[in-house]
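# Sequence first, then the predicted structure:
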Amino acid sequence: MASSFITPIHTDRLISVEAIPVLDPEKNITGFILAFLDVTDDINLYDITHEKLISLKNSIAIQVEQAKDLLNPHCPGPHDTLLIQEEMIKTLDLWPRQYEEVSEALLEAISTRLPLTRHPLKDFLSGLKQKTEDLYGIHLRLSLTDEESYLLADTYSFTSAFIFLFQNLSKMVRNTELNLCSYKNKNFIIFEISWDSFFLSKHRIENLMQKRINSLPSLFYVLKQNKASFEIICDKDGHSSRINIIANAGSKTHIKEKHQAPVITGSRPEFYDLDLFNMDEENNDFLNTDLKHITYTVFDTETTGLNPDGGDEIISLAAVRIVNNRIVYQDIFEELVDPKRDIPMESYRIHGINYEMVSGKKDIHTILPVFKDYAAETVLLGHNIAFDMKMFKVKEKTTGIRILNPVLDTLLLSAILHPVYACHDMESIAGRLGVNIIGRHTALGDAIASAEIFLKLLPLLNSNGVLTLRDAIKASKKSYYARLKY
């Protein structure tokens with residue numbers, strides 16, 4: 001069982017330390033994984049929130065007692081009705097302000113922490129303009145005073161927030177042309193959104209801020225997640241034709257940091273493609289080779305999403321070899337890939353790769369030919385490999401690269417050997433075979449886990465008469481899972 005504790009370090013930060021035992025198949029402890037997490041900000045935030053709640057509670061209690069005294073005719077003091085009303089109004093006026101302060105502190109405490117990345121403001125505005133026009137036919141008149149500025153935000157959710165705001169404002173003011181002026185002010189980027197048609201009431205705009213953005217939270221909440229705020233610029237009558245969004249500016253000098261993706265359980269949905277097993281019969285020698293004597297390239301991808309035909313892209317590709325029935329850890333392939341598009345928040349939560357980590361890396365047109373050479377004259381092996389192969393297939397036209405290696409899938413091989421089990425995701429198979437998964441949802445971590453699973457399955461396959469590559473492919477075709485086509 002894992003154990004944890006919190007301790008201060010010499011920099012006055014508070015560190016949470018968790019010791020996670022590593023067990024062998026017989027449940028004996030063979031080592032420990034130590035996980036360190038800086039929890040200083042979380043604890044400070046808790047203290048501030050708790051203090052505000054206690055302050056509000058005490059303030060309300062005091063003010064309720066004062067209100068009772070004012071209304072009690074037997075208490076000493078003035079009992080002029082008008083004076084009592086004035087005092088009551090003063091008392092009640094304090095409550096909304098105190099409530100807003102506590103609400104803001106609570107929202108800050110529960111807000112999901114997003115990886116805010118540094119992005120050229122010019123590129124952000126250009127992409128925002130293009131998407132707004134393409135999706136909704138809304139024309140943005142852009143004005144940018146500093147083309148060298150950088151924005152600090154989660155580009156996916158922040159872009160979605162702006163598009164949602166433009167879409168609704170356009171409907172409300174009945175105008176398909178909006179103005180967007182952006183400039184830097186100290187450590188902030190100011191976005192001034194205005195329109196030339198009629199005014200909107202402050203109340204209508206505030207209601208808009210509470211609406212959900214499709215699959216995302218409310219507009220107000222998304223801005224909060226991006227450490228951004230908004231202000232409604234009104235005239236004396238409470239009418240507005242301008243909204244300001246204030247976001248954090250990113251520094252012009254960027255310090256590169258190494259990021260380690262989180263280890264998160266859970267698997268992508270299963271994908272199937274019977275065509276995977278079509279193989280040229282001219283390769284009889286290869287097909288008749290003993291499974292133990294084949295060189296395998298075991299690989300995995302991480303992607304922006306789960307829709308290869310819908311524009312999702314590979315952002316990480318990694319592989320390891322199996323030679324002579326052993327994993328060759330010294331001969332690995334591992335590359336981050338620039339997808340040339342945003343990485344959605346939902347995908348980041350799975351694999352821990354954000355836009356800043358892949359921006360400027362080689363794209364798939366450069367990486368795929370190198371991977372093809374790495375995998376030459378080997379059998380491709382993976383878990384739920386149909387999905388990864390589909391990601392390659394949709395790139396055939398643009399890259400000119402076709403990956404035609406024979407393939408095997410640990411998901412299907414597990415289904416052959418253990419048909420009584422309903423679950424053949426990586427975690428379930430690993431648990432049954434005593435394989436420890438380190439680095440789940442990193443391409444290299446999943447590739448190594450798939451290799452270890454295959455080596456555990458290999459003697460079981462042999463004992464069931466699956467001896468050659470031909471046998472394994474034939475058995476995979478008969479698997480129930482392989483009958484479903486992606």
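Looks like it came in fine.
# list the helices and strands the strand or helix carrying residue 416 packs on?
Under the criterion of DSSP states H and E, residue 416 resides in helix 410-417. For helix 410-417, the packing partners by 3 or more C-beta pairs under 8 Å, 6 or more residues apart in numbering; DSSP states H and E come out as helix 426-433, helix 443-463, helix 469-478. (Glycine included, C-beta is placed from N, CA and C.)
# give me that answer again for 7 Å
Helix 410-417 makes packing contacts with helix 443-463, helix 469-478 when contacts are defined by 3 or more C-beta pairs under 7 Å, 6 or more residues apart in numbering; DSSP states H and E.
# Go through those helices and pick out the most buried.
helix 443-463 (a mean of 21; mean count of other C-beta atoms under 10 Å).
# how much distance is there from it to the middle of the chain?
From the chain centre to the centre of helix 443-463 is a distance of 28 Å (C-alpha atoms, centre = their mean, to the nearest Å).
# So what touches it?
291-292, 298-302, 316-320, 322, 325, 327, 332, 334, 381-383, 410, 413-414, 417, 426, 429-430, 433, 435, 437-440, 472 (C-beta atoms under 7 Å, 6 or more residues apart in numbering).
# quick one: average pLDDT of that helix?
Average pLDDT, helix 443-463: 93.
# That one vs helix 469-478, what angle?
100 degrees (axes from the mean of the first three to the mean of the last three C-alpha atoms, to 10 degrees).
# Taking helix 410-417 as reference, get the angle to helix 443-463.
Going by the same axes, to 10 degrees, helix 443-463 makes 20 degrees with helix 410-417.
# what are the ranges of the strands in the stretch 1-150 of the chain?
Assigned by DSSP state E, counting those that start in this stretch, the stretch 1-150 of the chain shows strands spanning 3-8, 14-23, 29-38, 117-120, 139-144, 150-153.
# For the closest residue to residue 163 other than its chain neighbours, which residues are in contact?
Spatially, and ignoring its direct neighbours in sequence, residue 163 is nearest to residue 132 (5.6 Å; C-beta to C-beta, 6 or more residues apart in numbering). Counting by C-beta under 7 Å, 6+ apart, residue 132 makes contact with 138, 140, 163, 166.
# Now residue 195: phi and psi?
phi -150, psi 160 (degrees, to the nearest 10).
# Flag the shaky bits of the stretch 301-450 of the chain, pLDDT-wise.
420, 439-441 (pLDDT under 70).
# Helices along that one, start to end?
Along the stretch 301-450 of the chain, the segments classed as helices by DSSP state H, counting those that start in this stretch run 345-351, 355-358, 364-374, 385-393, 396-399, 410-417, 426-433, 443-463.
# Which stretch among those approaches residue 32 most closely?
With C-beta to C-beta as the criterion, residue 32 lies closest to helix 443-463 of the helices of the stretch 301-450 of the chain, at 18.4 Å.
# Kindly calculate the angle that the closest one makes with helix 426-433.
For helix 443-463 against helix 426-433, the angle by the same axes, to 10 degrees is 50 degrees.
# What would helix 443-463 look like as PDB? C-alpha coordinates only.
Taking Å, rounded to 0.1, in the frame of the first residue of the first chain, the C-alpha atoms of helix 443-463 are listed here in PDB:
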ATOM      1  CA  ALA A 443       4.300   6.500 -26.300                       C
ATOM      2  CA  LEU A 444       7.500   4.900 -25.100                       C
ATOM      3  CA  GLY A 445       6.000   3.600 -21.900                       C
ATOM      4  CA  ASP A 446       3.100   2.000 -23.700                       C
ATOM      5  CA  ALA A 447       5.400   0.500 -26.300                       C
ATOM      6  CA  ILE A 448       7.600  -1.100 -23.600                       C
ATOM      7  CA  ALA A 449       4.500  -2.400 -21.800                       C
ATOM      8  CA  SER A 450       3.200  -3.900 -25.000                       C
ATOM      9  CA  ALA A 451       6.600  -5.600 -25.600                       C
ATOM     10  CA  GLU A 452       6.600  -7.100 -22.100                       C
ATOM     11  CA  ILE A 453       3.000  -8.300 -22.500                       C
ATOM     12  CA  PHE A 454       3.900 -10.000 -25.800                       C
ATOM     13  CA  LEU A 455       6.800 -11.800 -24.300                       C
ATOM     14  CA  LYS A 456       4.500 -13.100 -21.500                       C
ATOM     15  CA  LEU A 457       1.900 -14.200 -24.100                       C
ATOM     16  CA  LEU A 458       4.500 -15.900 -26.400                       C
ATOM     17  CA  PRO A 459       4.900 -19.200 -24.400                       C
ATOM     18  CA  LEU A 460       1.100 -19.300 -24.000                       C
ATOM     19  CA  LEU A 461       0.600 -18.900 -27.800                       C
ATOM     20  CA  ASN A 462       3.100 -21.700 -28.400                       C
ATOM     21  CA  SER A 463       1.400 -24.000 -26.000                       C
END
